[in-house]
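Enquirer: Give me the fold of what follows.
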Amino acid sequence: MNIKSLQSKIKEMDEVRKPRYKLYSQREKEILTKTIKLNEEVGELCNDILSVLKLQRKSKLEKFDKRNFYEEFADVIITTMQLANSAGVDTDRAIGDKLTKIEKRYHKDH
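Expert: Below you'll find the model as predicted:
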């Protein structure tokens, strides 16, 4: 199969499986936008992690500033909190519940 026929096959599959979206509410648009933004921020953090580990290509390593590395962690945390707010998640409760669950699992395994 060549690229052209693969592209055609995928287009055919997409038409059959194409979701029929209703108009999004403002809240749904906000959640979707913040989800995409979070993925962007995580990608930037991943790039910086590669730089810290010296696994990034030379041109990116030359431009790397470790101060930016700290900012990327902050961006991920801030964007996650913004997404949680948009989705109506009580982050204090969510984190507390999750830590309790992790601690129980840890104590069970040790």
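Enquirer: any idea how far the residue positioned nearest the centre of the chain lies from K54?
Expert: Centroid-nearest residue in the chain: N39, 2.8 Å away (criterion: CA atoms, centre = their mean). To K54, N39 is 25 Å away according to CB to CB, to the nearest Å. Yep, even glycine has a C-beta here, placed from its N, CA and C like the rest.
Enquirer: Show me the strands in this protein, by range?
Expert: Using DSSP state E, the chain contains no strands.
Enquirer: how about the helices in it?
Expert: All helices of the chain, identified by DSSP state H, fall at 3-17, 26-52, 58-63, 66-87, 91-109.
Enquirer: tilt between the second one and helix 66-87?
Expert: An angle of 160 degrees separates the directions of helix 26-52 and helix 66-87 when computed by axes from the mean of the first three to the mean of the last three CA atoms, to 10 degrees.
Enquirer: Counting neighbours, what do you get for the closest residue to N68 other than its chain neighbours?
Expert: Excluding its sequence neighbours, the residue lying closest to N68 (CB to CB, 6 or more residues apart in numbering) is D48, at 6.3 Å. D48 has 21 neighbouring residues, counting by other CB atoms under 10 Å.
Enquirer: next one: E41
Expert: 19.
Enquirer: now do F64
Expert: Residues near F64, counting by other CB under 10 Å: 16.
Enquirer: what sits against the residue nearest to it when sequence neighbours are not counted?
Expert: Nearest non-adjacent residue to F64, counting by CB to CB, 6+ apart: S51, 4.1 Å away. Applying CB atoms under 8 Å, 6 or more residues apart in numbering to S51 gives the contacts 60-61, 64, 69.
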